[in-house]
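Trainee: I would like the atomic coordinates for the input below:
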Amino acid sequence: MNIYVGNLSLETTEDELRKEFTEFGEVISVIIMDDKYIGSGQPRGYGYVEMASKSEGANAIAGLEGKKLRDRIVTVVAALPLSDKGGMLSFNVRSSHRPNKKRERRYIIS
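Mentor: Alright, predicted model coming up:
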């Protein structure tokens, strides 16, 4: 089971995160996302933990949601799968605006 962990302190390490989750079961992997695309390597404040089973993951979520790690209250939820259709995400979003229509300004000259 993949778990999203948000609101992490920028000083939090993968080892610290692994230690917190190991109390609830076998941890397969821990990744703290960083800003390697712009070259800084700065942590982004969130990461993912993969647990061996759904039951262990559910227990970890229940036990760690709202817990303080390094003076920050973390968000812990089940991570959504990237995709179930071979890499293509589809969203059915309705909005009140019309993105294909130009907004025209009309001036009244008297």
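Trainee: any buried residues in stretch 47-54, and which?
Mentor: By neighbour count on 16 or more other CB atoms under 10 Å, the buried set for stretch 47-54 is Gly47, Val49, Glu50, Met51. For glycine as for every other residue, the C-beta is placed from the backbone atoms N, C-alpha and C.
Trainee: stretch 12-20 too?
Mentor: Within stretch 12-20, the residues that count as buried by 16+ other CB under 10 Å are Thr12, Leu17, Glu20.
Trainee: next, count neighbours for Arg78.
Mentor: No, residue 78 isn't Arg; it's Ala. Residues lying near Ala78 (other CB atoms under 10 Å) number 13.
Trainee: quick one on the thing from earlier: now, the buried residues of stretch 47-54 that are in strands?
Mentor: Those of the buried residues of stretch 47-54 mapping onto strands are Gly47, Val49, Glu50, Met51, per DSSP state E.
Trainee: what bits of the protein have low per-residue confidence?
Mentor: For the chain, the stretches flagged by pLDDT under 70 are 37-39, 82-110.
Trainee: where along it do the helices fall?
Mentor: Along the chain, the stretches classed as helices by DSSP state H are 14-22, 54-64.
Trainee: could you dump these to TSV with distance to Leu80?
Mentor: Listed next are those as TSV, based on distance: least, CB to CB, whole Å:
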stretch	distance to Leu80
helix 14-22	19
helix 54-64	13
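Trainee: can you redo the ones in strands among the buried residues of stretch 47-54 as TSV with distance to Val30?
Mentor: Formatted as TSV, these follow (distance: CB to CB, whole Å):
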residue	distance to Val30
Gly47	7
Val49	5
Glu50	8
Met51	10
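Trainee: the strands in the chain, which residues?
Mentor: 2-6, 27-34, 43-51, 68-69, 72-73, 75-78.
Trainee: out of those strands, which is closest to Asn59?
Mentor: strand 43-51 (8.8 Å; CB to CB).
Trainee: with that, I have no additional questions.
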